[in-house]
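Enquirer: Here is the input, now give the coordinates:
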Amino acid sequence: MLTNPEKPDNGNYQTANAFETIREILYELKCLQQNLQLETWMPASYPELICKTIDRLEKLRENLIQHIFQPGETGLVFTASKVYLTELGYAMKAHGSFNNGNAPVSKILAGLGKMGNVDLGNTSRTFQQILARKTGYTKYLDSLRLSLHERIDDFY
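Expert: The predicted structure is shown next:
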């Protein structure tokens with residue numbers, strides 16, 4: 001989804017462009033297939049057209065794979081459990097860490113997901129799972145706190 005049509009997000013624009021090109025290639029292949037089914041003989045240009053179309057599709061596939069699966073601008077990939085990032089986002093919302101406490105949790109979680117190059121999925125359901133924990137609600141935050149204290153203790 002483009003947020004501003006006058007100045008599109010380059011990644012979203014490229015992805016949308018790629019999918020439009022895929023749609024065009026699929027249309028070309030369907031037309032060629034339909035013509036082949038109707039004809040009892042194959043025109044000499046069809047094999048070349050099919051090969052060119054397949055090459056275009058392969059190049060586009062490679063570009064999409066590089067664009068979609070390559071880490072974003074930060075180069076970071078969140079490798080811990082996704083539930084931990086959700087826990088962190090809800091903690092930041094509760095603390096009022098963004099926009100003087102006025103940022104919706106959905107935007108905070110979307111930003112954290114984008115920064116960590118992960119899809120957090122249904123964060124409301126994940127938060128329900130956090131609430132259902134029996135050993136404490138803030139498992140990740142507690143482990144972060146302990147890790148930071150250990151790091152600080154290493155300096156003294």
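Enquirer: what comes up buried for the longest helix anywhere in the chain?
Expert: Assignment by DSSP state H gives helix 10-38 as the longest helix of the chain. By neighbour count on 16 or more other Cβ atoms under 10 Å, the buried set for helix 10-38 is 18, 21, 28, 32. C-beta coordinates here come from the backbone N, C-alpha and C atoms, glycine included.
Enquirer: measure K52 to N117 for me?
Expert: According to Cβ to Cβ, to the nearest Å, K52 and N117 sit 34 Å apart.
Enquirer: likewise L32?
Expert: For L32, the distance to N117 under the criterion Cβ to Cβ works out to 38 Å.
Enquirer: Do a quick rundown of the helices in the chain.
Expert: Shown for the chain, the helices assigned by DSSP H span residues 10-38, 45-69, 82-95, 105-115, 123-131, 139-155.
Enquirer: which of those helices is buried the deepest?
Expert: Among the helices of the chain, judged by mean count of other Cβ atoms under 10 Å, the one packed with the most neighbours on average is helix 82-95 (a mean of 18).
Enquirer: got the contact list for it?
Expert: With contacts defined as Cβ atoms under 8 Å, 6 or more residues apart in numbering, helix 82-95 is touched by 78, 98, 103-105, 108-109, 112-113, 116, 118, 120-121, 123, 126-127, 129-130, 138-141.
Enquirer: Can you spell out the domain ranges of this protein, please?
Expert: Under the assignment named as automatic domain parsing, the residue ranges that make up the domains of the chain are 10-69, 82-155.
Enquirer: would you turn those domains into CSV with mean pLDDT?
Expert: CSV is the format used below for the domains of the chain (pLDDT from 0 to 100):
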stretch, mean pLDDT
domain 10-69, 73
domain 82-155, 91
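Enquirer: Which residue comes closest to A18 once chain neighbours are left out?
Expert: Nearest non-adjacent residue to A18, counting by Cβ to Cβ, 6 or more residues apart in numbering: L64, 5.2 Å away.
Enquirer: Would you check how far apart the one you found and I22 are?
Expert: Here L64 is placed at a distance of 8 Å from I22 (Cβ to Cβ).
Enquirer: helices or strands up against the longest helix of the chain?
Expert: Secondary structure elements in contact with helix 10-38, counted by 3 or more Cβ pairs under 8 Å, 6 or more residues apart in numbering; DSSP states H and E, are helix 45-69.
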